[in-house]
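*Asks:* Test case, fold it:
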Amino acid sequence: MTNGRSFQKFLKDHFLSIVPCSRDNPVLVLYDGHRPYVNMPLIDWAEQQFIVLYLMPPQAVSAQHTEDSAFQPLKAAYQQQCDQFLIDNIGRIVTRYDVCDLVGKAYQQVMTQEVIVPTFRNMGVVPYDPTVVSYAYEDDDGEVVDRADEQESDEVKYVFVDVHVKSEQTEGEEVALKTEPL
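*Replies:* This is a model prediction of the structure:
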């Protein structure tokens with residue numbers, strides 16, 4: 001998915017057809033924070049469909065967490081499917097036209113609750129564990145800085161905005177944001 005429209009198309013044409021969403025049963029969708037492609041019209045649409053969109057921090061969706069838990073078994077199963085395809089179809093090669101079918105079979109084979117639940121655990125999603133996420137980043141000099149090591153002040157506050165409240169703000173008005181101490 002490269003933009004909000006294709007993400008919404010996926011949610012509308014595929015996701016909603018297989019996942020029941022309702023006022024009594026809203027569904028949480030976690031998505032990769034490396035490429036935020038969600039905009040307010042998409043958030044509004046998702047809310048009407050009882051879909052809660054949650055942007056995963058880029059550090060939580062790191063290759064380390066997902067590679068070890070979910071994608072290693074998927075890669076192995078895909079390789080088995082390719083091997084079996086070549087055995088069953090002597091003289092043929094795996095082409096781009098075969099990949100979707102082979103990945104689909106591998107996905108059905110290994111993406112089970114036993115694989116997915118540990119992946120969410122390793123990512124700190126369920127149960128929620130904020131210590132799993134690395135807040136390290138490279139500064140302008142290329143040095144790795146870990147934000148967890150930075151001194152915290154008692155004056156540090158976080159700002160939150162309720163995105164469900166629409167403002168009738170006129171030009172020149174200031175918007176007051178709620179702040180809460182950490």
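*Asks:* What separation is there between residue 25 and residue 52?
*Replies:* 11 Å (CB to CB, to the nearest Å). Heads up, the C-betas are built off the backbone N, CA and C, glycines and all.
*Asks:* Neighbour count for these two, which is higher?
*Replies:* residue 52 (14 against 9; other CB atoms under 10 Å).
*Asks:* What are the boundaries of the strands in the chain?
*Replies:* 27-31, 51-55, 136-138, 144-146, 157-160, 178-181 (DSSP state E).
*Asks:* Residue 109 against residue 76, yeah?
*Replies:* No - the criterion here is CB atoms under 8 Å, and residue 109 misses it with residue 76 at 9.8 Å.
*Asks:* sorry, back to before: check the strands of the chain for me: which has the lowest mean pLDDT.
*Replies:* When the strands of the chain are ranked by mean pLDDT, strand 157-160 comes last with a mean of 34.
*Asks:* Now do the helix ranked longest in the chain: which elements does it pack against?
*Replies:* Longest helix of the chain, by residue count under DSSP state H: helix 72-88. Other helices and strands packing on helix 72-88, by 3 or more CB pairs under 8 Å, 6 or more residues apart in numbering; DSSP states H and E, are helix 96-110.
*Asks:* Please point out which parts of the helix it packs on sit buried.
*Replies:* Using 16 or more other CB atoms under 10 Å as the test for burial, helix 96-110 gives 102, 105, 106, 110.
*Asks:* same deal with stretch 115-125?
*Replies:* Within stretch 115-125, the residues that count as buried by 16+ other CB under 10 Å are 119, 120, 122, 123, 124, 125.
*Asks:* Thanks a lot, catch you later.
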